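*Asks:* Whatever this is, show me its structure:
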Amino acid sequence: DQAMEKILDLTMLSDIFPTGYHGAVCAGVTTGSTVYVAGAGPVGLAAAHAAQLLGAAVVIVGDAIEDRLKQAESFGCVPLDITQDAEIEDQIAEIVGEPVVDCTVDAVGFEARGHGSEAGEAPATVLNDAMTITRAGGSIGIPGLYVTEDPGAADEDAKHGALKMDFGLGWARSHAFYTGQCPVKKYNLQLMMAILHDKAQIAKAVNATVLPLDQAPEGYRDFDSGTSVKYVLDPHGDLQGAQRA
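*Replies:* Modelled structure (predicted):
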C-alpha cells in the first residue's frame, strides 16, 4: 500500500532519478553548492531535484524551451534561458554573484544547441559551457548521452563522435569529468527510501503523468516536441488512481 501510494515517484527509479542523481553526485554537489544543470528534460529535472536533495544552495537550470524552464522553476530552481544572447557566465553572475558555479551537470548530450536566439545544433556547446562556468578544481557530471556515430550531426567531425571541445580550459582549471552510463542499482535503495519517507518528490519535479497504453503514440509525439512531461504508460489501467494532484 505504501508503494502504490508513491507509485509514480517509484517508477522514476527505473531510469531518470538515479541518472540525474548520479550526475549530481559525480559533479560533487553537497551542502551549500551552487549548481548549473544544462537541460530541463526529465533527466535534467531529476538532476536538479537530486541537487536539492543533496543540499545545494542554488540550482540553476538552463534550457531553450519555456515550458521546461517553468517546470524547473515550479520546484525552486532558477531558470536560465539559453536563447538569450547574453554570455552564459554573465547570466550565472547575475544569479550567484560571480561568473562560476561549484558544480555542473550536463543532462543534454550530443544533440546540444548553441546559445542565442538564432543558434542551431552545436554538439560540444554544453561541455564547453561547463568548463567556462565551473570553478577551478570543480567537477562536471555528464549523464547526458554522447555517441561514437551521429549521422545527422551538424558537422563532419561530430558525425563520427569527434567534438570541438576547449579541453585546454578544463585542463587549466583542473576540472574532473565524469561520464558514462549510470549504475542505476547503486542508488535505487537509497532513493527509494527517500521517496517512501517524503524526502524526495521526483514525480512532481518531472511532471510525471499517467497515460493509457493506447495513447502511447500521442505521448511519444508530444514528448518529442519538447513538452515538459514525463509520461508513465499504464497498460492495464492500474495507475489511474495514482495520478498525482
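*Asks:* What lies in contact with the helix or strand harbouring Pro217?
*Replies:* Using DSSP states H and E, Pro217 falls within helix 216-224. Helix 216-224 is contacted from outside by Leu211, Val229, Tyr231, Leu233, using C-beta atoms under 8 Å, 6 or more residues apart in numbering. Where C-beta positions appear, they are placed from N, C-alpha and C, glycine not excepted.
*Asks:* Got phi/psi on the residue lying closest to Asp166 once chain neighbours are set aside?
*Replies:* Among residues not flanking Asp166 along the chain, Asn128 sits closest, at 5.0 Å (C-beta to C-beta, 6 or more residues apart in numbering). Note on Asn128: backbone dihedrals following degrees, to the nearest 10 are phi -70, psi -40.
*Asks:* Okay, Asn128 and Gly114: tell me how far apart.
*Replies:* Note on Asn128: its distance to Gly114, by C-beta to C-beta, to the nearest Å, is 10 Å.
*Asks:* Would you report the backbone torsion angles of Ile140?
*Replies:* Torsion angles, degrees, to the nearest 10, at Ile140: phi -120, psi 110.
*Asks:* Would you map the strands across this structure?
*Replies:* For the chain, the strands defined by DSSP state E occupy 34-38, 58-63, 78-81, 101-106, 134-142, 176-179, 208-212, 230-234.
*Asks:* Of these, flag the one that's most buried.
*Replies:* strand 34-38 (a mean of 30; mean count of other C-beta atoms under 10 Å).
*Asks:* pLDDT wise, what is the nearest residue to Gly116 once chain neighbours are set aside at?
*Replies:* In space, and not counting its chain neighbours, Gly116 is closest to Asp85: 4.8 Å by C-beta to C-beta, 6+ apart. The per-residue pLDDT reported for Asp85 equals 90.
*Asks:* what's the answer for Gly241, then?
*Replies:* 63.
*Asks:* same question, the one 4 residues further on
*Replies:* The per-residue pLDDT reported for Ala245 equals 41.
*Asks:* Report the contact partners of Ala158.
*Replies:* Contacts here follow C-beta under 8 Å, 6+ apart; on that basis Ala158 touches Phe110, Pro123, Ala124, Asp150.
*Asks:* Please disregard the earlier target; I meant Leu53.
*Replies:* Tyr21, Ala194, Lys199, Ala200.
*Asks:* Out of those residues, give me the one that has the most neighbours.
*Replies:* Tyr21 (31 neighbours; other C-beta atoms under 10 Å).
*Asks:* how near is the nearest residue to that residue once chain neighbours are set aside to Ile202?
*Replies:* Excluding the flanking residues, the one nearest Tyr21 by C-beta to C-beta, 6+ apart is Ala50, at 4.0 Å. In this view, Ala50 and Ile202 are 8 Å apart by C-beta to C-beta.
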